[in-house]
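Student: Below is the structure, and that's it, no one-letter string:
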């Protein structure tokens, strides 16, 4: 068992080292894009399915409440899995439209959709990305090495943060790290620009 524990630490560290080589510029672009959205008076709309829904909730919570700095709330909205709405949609065989329908009502041009799609089979999230394209929203998507499905949905102005792993648990952990890092960067850019 101790060997397995050490292996998991090693695996996680190696993936983070690979990500540190690949992702800093994209994460910086993502933070700048989120800040620009907020400064324009727009909002950040977030969605995710399954375990990734927890990362979507964390991002919205960090933006609405705070990450590290005490500061005003930032405009963020979670596309949620409302059980009544889900039941109504399921009745009409449209459960995968749950985020798309919410997005169509609340999204305004200039908003950003942040989508968690680690595997590319999250149809409700993919439908939200398609809807965001139709609404001319910018898109920031968290993916992984296992996901080739979202690439065709993104424009060259959109940002993909790809976790360099195919292991589900490492992907979810990595996305959580990126959420926390982005929130720290956003806080510093808006409220503490001299921080390093």
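Tutor: All right, it came through fine. Please read all numbers here as calculations on a predicted model, not as lab measurements.

Student: which residues of the protein score low on pLDDT?
Tutor: 82-94, 147, 196 (pLDDT under 70).

Student: Which strand in it has the most residues?
Tutor: Ranked by residue count, the top strand of the chain under DSSP state E comes out as strand 138-144.

Student: residues touching residue 44, list them.
Tutor: Contact analysis of residue 44 by Cβ atoms under 8 Å, 6 or more residues apart in numbering lists 34, 37-38, 59-60, 63, 74-77, 111-112, 114. Just so you know, the C-beta spots here come from the backbone N, C-alpha and C atoms, and that holds for glycine as well.

Student: What sits closest to it if chain neighbours are left out?
Tutor: residue 76 (4.6 Å; Cβ to Cβ, 6 or more residues apart in numbering).

Student: where's the one you found relative to residue 156, distance?
Tutor: 25 Å (Cβ to Cβ, to the nearest Å).

Student: Does the nearest residue to residue 195 once chain neighbours are set aside lie in a helix or a strand, and which?
Tutor: In this structure, residue 195 finds its nearest non-sequential neighbour in residue 188, 4.4 Å apart by Cβ to Cβ, 6+ apart. Residue 188 belongs to helix 168-191 when assigned by DSSP states H and E.

Student: And the helices in this structure, which stretches?
Tutor: 2-22, 24-39, 52-64, 83-91, 98-106, 123-134, 168-191 (DSSP state H).

Student: Out of the ones you listed, the one nearest residue 141 is which?
Tutor: Closest to residue 141 of the helices of the chain, according to Cβ to Cβ: helix 123-134, at 6.8 Å.

Student: Quick one: residues in contact with the closest one.
Tutor: Contacts for helix 123-134 (Cβ under 8 Å, 6+ apart): 47-49, 52, 79, 95-100, 103-104, 107, 113, 115-117, 120, 139, 141, 149-150, 153-155.

Student: Alright, that wraps it up for me.
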